[in-house]
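Q: Have a look at this prediction, sequence included:
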Amino acid sequence: MADGKRFDLAGKRVFVAGHRGMVGAALLRRLSREPVALVTASRDELDLTRQADVEAWMAAQRPQVVIVAAAKVGGILANDTWPVEFLEQNLLIELNLIRSAFRVGVEKLLFLGSSCIYPKHSPQPIKEDYLLTGPLEPTNEWYALAKIAGIKLCQAYRKQHGAEFISAMPTNLYGPGDNFDLATSHVVPALVRKMHEAKREGAASVAVWGTGSPRREFLHVDDLADACVFLLERWSGSEPVNVGCGEDVTIRELAELVRAVVGYQGELVFDPTKPDGTPRKLLDVSRLAALGWRPRIGLREGLAGTYAWFLANAAAARGLAGAAA
Ligand SMILES: NC(=O)C1=CN([C@@H]2O[C@H](COP(=O)(O)OP(=O)(O)OC[C@H]3O[C@@H](n4cnc5c(N)ncnc54)[C@H](OP(=O)(O)O)[C@@H]3O)[C@@H](O)[C@H]2O)C=CC1
Ligand SMILES: C[C@H]1O[C@H](OP(=O)(O)OP(=O)(O)OC[C@H]2O[C@@H](n3cnc4c(=O)[nH]c(N)nc43)[C@H](O)[C@@H]2O)[C@@H](O)[C@@H](O)C1=O
């Protein structure tokens with residue numbers, strides 16, 4: 001904790017908003033190891049964009065801890081294609097959850113930002129206080145503005161009311177339960193699916209978006225979930241905390257790694273008509289490291305595990321329902 005005290009999760013009712021998503025599911029796996037009462041609500045049970053429903057549900061369920069892992073999330077093309085949904089839905093979800101958490105006396109709330117909300121040309125590695133110091137990446141400025149508002153709202157509730165609302169800034173995430181729909185997914189699940197299908201069909205090449213030169217830092221979602229529990233117990237500052245692995249690769253290097261993991265023999269063809277996005281967004285993770293947290297899952301090991309999960313769950317994986325494995 002910024003002030004040294006440790007928040008004790010034991011015996012608490014913990015609401016994981018967005019529990020069916022990649023991060024939410026990882027949080028359930030991680031929290032199942034803690035003596036807590038897990039509280040969840042699917043979108044059918046509770047549409048988090050509907051204020052009155054969220055207020056009524058929170059008043060009835062009275063969670064003591066809330067992790068905001070629910071959001072409208074997508075890759076670079078999805079963000080660029082649907083600015084209204086990425087701005088509007090994320091503002092509504094975070095406003096409803098943060099506001100009703102305060103109204104029902106939630107003891108601690110963790111909000112998730114993202115490395116992509118820092119200024120496009122931040123000095124590297126990116127420190128938490130670089131937020132709002134320059135123009136955003138145009139492809140996801142809508143999502144970024146919503147996320148920045150969420151961080152600021154948590155800071156406002158702490159400043160005005162002393163609320164224990166904290167924020168984390170995860171880097172690019174991947175792992176089991178990711179979204180494999182090629183139109184809306186992030187790069188890792190997209191390349192895993194494309195190379196798997198190319199291998200199965202004997203295709204001579206696989207299209208990789210952009211030039212391959214942008215650099216990205218990738219953290220396995222199980223490491224993120226562990227960092228979230230760590231921060232709930234040990235961080236009580238107003239400032240967000242970067243969560244990453246401290247190293248990055250080019251998209252070309254990532255594609256070559258995925259090709260090796262999938263066992264695809266064909267060519268990679270780079271498509272410069274697709275956006276590269278931010279040239280680099282490596283996080284400075286010294287604040288989290290100073291608290292004593294380290295990631296455990298390396299990229300190659302994590303990609304292999306993700307592909308294994310994909311093979312075992314292809315028929316049911318999001319964006320793949322019914323697709324032949
Ligand atoms: N993936 C990444 O690389 C990164 C993600 N993050 C952050 O982590 C969090 C989770 O991301 P991730 O797990 O990848 O995203 P997913 O899309 O996998 O999960 C998002 C979850 O939010 C739920 N949700 C969305 N809208 C609503 C709604 N209106 N009502 C109820 N539930 C809703 C979804 O429900 P349903 O299953 O029904 O669709 C889903 O379970 C987000 O805050 C994201 O910004 C931060 C950095 C990187
Ligand atoms: C995670 C974080 O950051 C996200 O931004 P991003 O990191 O640019 O997201 P991305 O994973 O979609 O792309 C990473 C890079 O990879 C290249 N790339 C190659 N081939 C494919 C491909 O087939 N699909 C995709 N999606 N990208 C590809 C792509 O061109 C780009 O250069 C935000 O949208 C936002 O969601 C956010 O919170």
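A: Cool, the structure landed. Ligands and ions are numbered 1, 2, ... in the order given.

Q: Leu109 and Arg99 touch, don't they?
A: No - using Cβ atoms under 8 Å, Leu109 is not in contact with Arg99, being 10.7 Å away. Placement of C-beta: from N, CA and C, glycine included.

Q: So for those two, which sits in the more crowded spot?
A: More crowded of Leu109 and Arg99, by other Cβ atoms under 10 Å: Leu109, with 25 against 15.

Q: Next up, the contacts around that one.
A: Neighbour list for Leu109: 65-68, 97-98, 101, 154, 163-166 [criterion: Cβ atoms under 8 Å, 6 or more residues apart in numbering].

Q: what do you get if the cut-off is 6 Å, keeping everything else the same?
A: Applying Cβ atoms under 6 Å, 6 or more residues apart in numbering to Leu109 gives the contacts 66, 101, 165.

Q: Pipe these into a markdown table and attach secondary structure per row.
A: Rendered in a markdown table, the data for the contacts of Leu109 read as follows (DSSP: H, G, I helix; E, B strand; the rest coil):
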| residue | secondary structure |
| --- | --- |
| Val66 | strand |
| Ala101 | helix |
| Phe165 | strand |
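
Q: Present these as JSON lines; the columns should include neighbour count, distance to ligand 1 and pLDDT.
A: What follows is the contacts of Leu109, written out as JSON lines (neighbours: other Cβ atoms under 10 Å; distance: Cβ to the nearest ligand atom, whole Å; pLDDT from 0 to 100):
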{"residue": "Val66", "neighbour count": "25", "distance to ligand 1": "13", "pLDDT": "99"}
{"residue": "Ala101", "neighbour count": "27", "distance to ligand 1": "15", "pLDDT": "98"}
{"residue": "Phe165", "neighbour count": "26", "distance to ligand 1": "15", "pLDDT": "98"}
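
Q: Tell me if Ile67 really is in a strand.
A: Yes - residue state for Ile67 (three-state DSSP) corresponds to a strand.

Q: I'd like to know which of the contacts of Leu109 is nearest to Arg50.
A: Nearest to Arg50 among the contacts of Leu109 is Ala101, at 15.8 Å by Cβ to Cβ.

Q: one step back: now the contacts of Leu109 in JSON lines, with distance to ligand 2?
A: Formatted as JSON lines, the contacts of Leu109 follow (distance: Cβ to the nearest ligand atom, whole Å):
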{"residue": "Val66", "distance to ligand 2": "20"}
{"residue": "Ala101", "distance to ligand 2": "22"}
{"residue": "Phe165", "distance to ligand 2": "20"}
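
Q: Pretty sure Val36 sits against Leu9.
A: Yes - contact criterion Cβ atoms under 6 Å: Val36 and Leu9 qualify, at 5.4 Å.

Q: who touches both of the two?
A: With Cβ under 6 Å, 6+ apart as the test, Val36 and Leu9 reach no residue in common.

Q: Find the closest residue to ligand 2 in the stretch 1-150 of the chain.
A: Gly75 (2.8 Å; Cβ to the nearest ligand atom).

Q: what's the distance between that residue and Asp222?
A: If you measure Gly75 against Asp222 using Cβ to Cβ, to the nearest Å, the figure is 21 Å.

Q: same check, this time on Gly319
A: Distance from Gly319 to Asp222, by Cβ to Cβ: 20 Å.

Q: Who has more neighbours out of these two?
A: A count of neighbours by other Cβ under 10 Å puts Asp222 above the other of Gly319 and Asp222, at 21 against 16.

Q: from memory the more buried one sits against Ala25, does it?
A: No - between Asp222 and Ala25 there is no contact under Cβ under 6 Å: 9.9 Å.
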